[in-house]
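# Sequence and predicted structure are below.
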Amino acid sequence: MATNPWTAAPAAEGSAHQYEGFIGWILNLMDTLGEPGVGVALFIETFFPPVPSEAVLPGAGFLAYSGEMNVWLAILWATVGGLLGAWGFYAAGALLGRDRTARLVRRTPLLEIEDFHKAERFFARFGGLAVLLGRCVPVVRSFVSIPAGIERMPLFRFSVYTVVGSAVWNTIWIGLGFAFGPAIEPVLLQWSGIISNLVIAVTGLLVLWFVLARLRKLARARRSEDTST
């Protein structure tokens, strides 16, 4: 009988415990918890964007390729994890409201109130489409839920848009990890530690660039105020 390539196959020789660094941690988490571990990883990614889903989801696809989990259940749990995280930000927006959220943004170092206003205008213009497409945009997918909560978008409608957008995103990336499993496995076995360090280094550089850019902007604004007085 022909086997279904989209269900768990006999375990491959490489185990998730053989991989090192950040990638090894992600694979070990999902390998230990199974498909629900994919949901846990996506839930963490919602609140901690430096753990990118673009690194988590292909790992789930790779584990499905190696026979560690079922690819369809991985997609399902990833979508559940994303939805639960989105509900958290939605609840924060609904509880805080526009004024308190704006005050929080103003008081948070390196955040600018104009960023908050841009997010509001984007949501006001596109509504549900902003939630749907926002689930496929890094970082945005975490925070697009806040204006939805502030505007009290009906929770059922918000959840439908979130599930559809998340399911599409998760299917693409998990599918890529599954499809390229034969090519990924030897690379991860030899280079997982180095790749993990590179991911952390790039993330750190991006955070540093953001901080320096905001500090320079704040310094220019202060100098402009000083010269105008």
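Nice, thanks for sending it over.
# in the protein, which spans are helices?
Along the chain, counting by DSSP state H, helices occupy 21-33, 35-47, 53-65, 71-107, 113-126, 128-134, 140-143, 145-150, 155-179, 181-228.
# Centre of the chain to the fourth one, how far?
Mean C-alpha position of helix 71-107 versus that of the full chain (CA atoms, centre = their mean, to the nearest Å) differs by 11 Å.
# Please apply the same query to the first one.
The chain centroid and the centroid of helix 21-33 are separated by 16 Å under CA atoms, centre = their mean.
# And for the second one?
Relative to the chain's own centre, helix 35-47 is displaced by 9 Å; criterion: CA atoms, centre = their mean.
# by how many degrees do it and helix 155-179 diverge?
120 degrees (axes from the mean of the first three to the mean of the last three CA atoms, to 10 degrees).
# Please convert the helices of the chain to CSV, extending it with mean neighbour count and mean pLDDT.
All C-beta atoms are positioned from the backbone trio N, CA, C, and that covers glycine. Output for those, formatted as CSV (neighbours: other CB atoms under 10 Å; pLDDT from 0 to 100):
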stretch, mean neighbour count, mean pLDDT
helix 21-33, 20, 73
helix 35-47, 22, 85
helix 53-65, 25, 81
helix 71-107, 19, 90
helix 113-126, 14, 78
helix 128-134, 20, 85
helix 140-143, 20, 71
helix 145-150, 25, 89
helix 155-179, 19, 92
helix 181-228, 12, 67
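# gap between the two ends of stretch 146-159?
End-to-end distance for stretch 146-159: 13 Å, by CA to CA, to the nearest Å.
# Can you tell me the closest non-neighbouring residue to residue 129?
Once flanking residues are discounted, residue 129 sits nearest to residue 161: 8.0 Å by CB to CB, 6 or more residues apart in numbering.
# hang on, isn't the one you found packed against residue 131?
Yes: counting by CB atoms under 8 Å, residue 161 touches residue 131, with 4.1 Å between them.
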